[in-house]
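In: pasted the sequence and its predicted model underneath.
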Amino acid sequence: MRITTKQYAIALYELAKGKSTSQIDDLVNTFIENLARQGRSKLLMYIFNDLERYIQQKDGTKNIELTFASKSDEQEVRQSVGQFEKMWKGNVNLAVGYDSSLVSGVKVKIDSVIIDASLRTQLRKLKERLLA
């Protein structure tokens with residue numbers, strides 16, 4: 001049975017817990033060497049991505065992406081940022097982007113959940129209901 005990238009990430013996290021920076025450096029170097037010896041070095045980026053997600057999960061950090069229709073929504077951006085930081089007590093990795101095709105409104109992605117409150121999506125749903 002092959003070890004998954006998530007299993008590698010969790011093992012690396014557990015081994016590094018409570019170690020000094022130099023011990024962690026040695027641990028990571030040994031880990032990378034062992035992966036290379038097993039011919040699995042191409043998984044390294046996936047393992048480190050899983051490790052980052054695992055650490056964020058342990059810390060209670062949320063990854064949030066806000067996409068607004070235009071930069072003119074600056075006040076809404078500031079309000080949304082403040083609300084999310086308050087909701088998760090500052091444990092937020094927040095990315096703000098702009099997409100003019102949304103027409104108006106906002107699209108929110110929290111970890112893997114997407115909430116699309118854009119005018120474009122509302123119009124598409126209305127059209128589907130009218131044509132049904």
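Out: Happy to help now that I have it.

In: gap between the helix or strand of the chain with the lowest mean pLDDT and the chain center?
Out: Least confident helix or strand of the chain, by mean pLDDT, DSSP states H and E, is helix 74-87 with a mean of 76. On the basis of Cα atoms, centre = their mean, to the nearest Å, helix 74-87 sits 18 Å off its chain's mean C-alpha point.

In: likewise stretch 116-123?
Out: Stretch 116-123 has its C-alpha centroid displaced from the chain centroid by 23 Å (Cα atoms, centre = their mean).

In: buried residues, the least confident helix or strand of the chain. List them.
Out: 77, 80, 84 (16 or more other Cβ atoms under 10 Å). C-betas here are computed from N, CA, C, even on glycine.

In: got it, and stretch 52-67?
Out: Using 16+ other Cβ under 10 Å as the test for burial, stretch 52-67 gives 54, 61, 62, 64, 66, 67.

In: just the element for the residue nearest the centre of the chain, please.
Out: What sits nearest the mean C-alpha location of the chain, by Cα atoms, centre = their mean, is residue 63, with 4.2 Å. Following DSSP states H and E, one finds residue 63 within strand 62-68.

In: that older thread, quick one: the residue nearest to the centre of the chain from residue 104, how far?
Out: Using Cβ to Cβ, to the nearest Å, we find residue 63 at a distance of 25 Å from residue 104.

In: on that earlier part again, now the buried residues of helix 74-87 in JSON lines, with distance to residue 35?
Out: Formatted as JSON lines, those follow (distance: Cβ to Cβ, whole Å):
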{"residue": "77", "distance to residue 35": "41"}
{"residue": "80", "distance to residue 35": "40"}
{"residue": "84", "distance to residue 35": "36"}
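
In: and these, which is closest to residue 40?
Out: Proximity of those to residue 40 (Cβ to Cβ) peaks at residue 84, which lies at 36.9 Å.

In: give me the contacts around the helix or strand that contains residue 25.
Out: Take DSSP H and E as the rule and residue 25 turns out to sit in helix 21-37. Helix 21-37 is contacted by residues 8, 12, 15, 16, 19, 41, 43, 44, 47 when judged by Cβ atoms under 8 Å, 6 or more residues apart in numbering.
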